[in-house]
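*Asks:* Just the structure for this:
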Amino acid sequence: MRVLVTGVTGFVGGHLSEHLLASGDQVVGVSASGRWPAELAEVGRSVRLERCDLLESDQAELADLIKRKQPEAIYHLAAQSNPQASLADPRGTWALNLGGTLNLLEAVKAAGLAKSPRIVLVSTGVCYGDPAPEHVPVTESCPLRPNNPYAASKAAADLLGIQTHLTDKLDVVIVRPFNHAGPRQSPRYVLATLAKQVVEVEQGRQDCVEVGNLEVVRDYTDVRDVVRGYRLLAERGRAGEIYNLGSGTGLKLTDALRRLTELASRPVEVRIDPARVRPVDLPLLVADASKLRAEVGWAPIYSIDQTLQDMLATFRALAAASS
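*Replies:* Numbers count the residues shown, from 1 in each chain. This is a model prediction of the structure:
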């Protein structure tokens, strides 16, 4: 399959590229920087990378790229995907998450391909906000109550995707992944920062792990299972439909940290840092992904223990390389 991946140089984009290549796909990626990070140098040898800023590039330029590459599937990952960062820059978040999606969809239309490529729009389970108890685990019919610009802009992009499917007959599928983690994830995200700090304590570079609110419960899926779900949706998902993607199991962050400290090579002290307590946090968010499981045959393979072990291994390797 010929595929185009926006945001290809990011955390999820790298894992998706690896999965697509292993599945025999021909992959072209676009990113605003046009450069591969060092950790994705191996992927960069097999994926053609085009520099394209979804906000600044001329629509005709983007349409020409799509026309030249003739993708059978487009995975739209490019986004400002950090809820906390979105609170600091709401305008930039809305511009990229909604405006960038609009520009991509308009470019697909302008490319005038004989058949619309399958477009997998990657949204987020955070769109549901803080669901009422009767809506947990969360199905796709749960009301949307986003409580930060990231979630709200993604919810708006979902509506745009449905509208272009209905109005312009674009072959759009929307996926709402819940929390995911895995090797190479940025320490801007909670499991990654916990894993990184545990390694820092192991290395003697800091004396404790500093944490915020660990009482929240999240549905974590390994990123390698997540990207496998994306490709299954590209192959088997129904156009115009929305699919939740998650393990269906809640994980309290205190338990995640306990597992990380049990895997550590030395005792780890934990300290609460008030600066790490988020002003807006959801106490409980767990997915009901039965629709995805039933319609495309997806199920997670990686356990949370394996995910955490692999994250620690990645940060240990980085620490060893920098010492």
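
*Asks:* residue boundaries of the helices in this structure?
*Replies:* With DSSP state H as the criterion, the chain has helices at 11-22, 41-44, 59-69, 83-88, 90-94, 101-111, 149-168, 190-202, 223-236, 253-263, 290-296, 304-322.

*Asks:* can I get those helices in JSON lines with mean neighbour count and mean pLDDT?
*Replies:* (Glycine included, C-beta is placed from N, CA and C.) Formatted as JSON lines, those follow (neighbours: other Cβ atoms under 10 Å; pLDDT from 0 to 100):
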{"stretch": "helix 11-22", "mean neighbour count": "22", "mean pLDDT": "98"}
{"stretch": "helix 41-44", "mean neighbour count": "16", "mean pLDDT": "96"}
{"stretch": "helix 59-69", "mean neighbour count": "16", "mean pLDDT": "94"}
{"stretch": "helix 83-88", "mean neighbour count": "17", "mean pLDDT": "92"}
{"stretch": "helix 90-94", "mean neighbour count": "17", "mean pLDDT": "98"}
{"stretch": "helix 101-111", "mean neighbour count": "21", "mean pLDDT": "97"}
{"stretch": "helix 149-168", "mean neighbour count": "20", "mean pLDDT": "98"}
{"stretch": "helix 190-202", "mean neighbour count": "23", "mean pLDDT": "96"}
{"stretch": "helix 223-236", "mean neighbour count": "22", "mean pLDDT": "98"}
{"stretch": "helix 253-263", "mean neighbour count": "17", "mean pLDDT": "96"}
{"stretch": "helix 290-296", "mean neighbour count": "17", "mean pLDDT": "98"}
{"stretch": "helix 304-322", "mean neighbour count": "16", "mean pLDDT": "95"}
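
*Asks:* How far off centre is stretch 304-318?
*Replies:* In terms of Cα atoms, centre = their mean, to the nearest Å, the centre of stretch 304-318 is set 18 Å apart from its chain centre.

*Asks:* pretty sure V227 is touching V12, no?
*Replies:* Yes - look at V227 against V12 with Cβ atoms under 8 Å: they come within range, at 6.6 Å.

*Asks:* Pull up the overlap in contacts between those two.
*Replies:* With contacts defined as Cβ atoms under 8 Å, 6 or more residues apart in numbering, no residue is shared by V227 and V12.

*Asks:* Next, format the helices of the chain as a markdown table and append distance to P131.
*Replies:* Listed next are these as a markdown table, based on distance: least, Cβ to Cβ, whole Å:
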| stretch | distance to P131 |
| --- | --- |
| helix 11-22 | 24 |
| helix 41-44 | 36 |
| helix 59-69 | 36 |
| helix 83-88 | 16 |
| helix 90-94 | 22 |
| helix 101-111 | 24 |
| helix 149-168 | 12 |
| helix 190-202 | 20 |
| helix 223-236 | 21 |
| helix 253-263 | 18 |
| helix 290-296 | 16 |
| helix 304-322 | 22 |
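
*Asks:* closest one to H135 among those?
*Replies:* Closest of those to H135 is helix 290-296, at 14.1 Å (criterion: Cβ to Cβ).

*Asks:* picking that back up, for the helices of the chain, which one sits closest to V136?
*Replies:* Evaluated over the helices of the chain, closeness to V136 peaks at helix 290-296, with 13.8 Å, by Cβ to Cβ.

*Asks:* hmm, who's touching the closest one?
*Replies:* With Cβ under 8 Å, 6+ apart as the contact definition, helix 290-296 has outside contacts at 139-140, 175, 229, 232-233, 235-238, 243-245, 248, 298-299.

*Asks:* Please report the distance of A195 from H19.
*Replies:* To H19, A195 is 22 Å away according to Cβ to Cβ, to the nearest Å.

*Asks:* ok, now T139?
*Replies:* In this view, T139 and H19 are 26 Å apart by Cβ to Cβ.

*Asks:* try L285
*Replies:* 25 Å.

*Asks:* And for E106?
*Replies:* Counting by Cβ to Cβ, the gap from E106 to H19 is 28 Å.

*Asks:* Just give the nearest non-adjacent residue to L191, would you?
*Replies:* A181 (4.3 Å; Cβ to Cβ, 6 or more residues apart in numbering).

*Asks:* Who does the one you found form a beta bridge with?
*Replies:* Note on A181: beta-bridge partners by DSSP bridges are D222.

*Asks:* what about it, neighbour count?
*Replies:* 24 (other Cβ atoms under 10 Å).

*Asks:* give me every residue that touches it.
*Replies:* Applying Cβ under 8 Å, 6+ apart, the residues near A181 are Y189, L191, A192, Y220, D222, V223, T307, M311.
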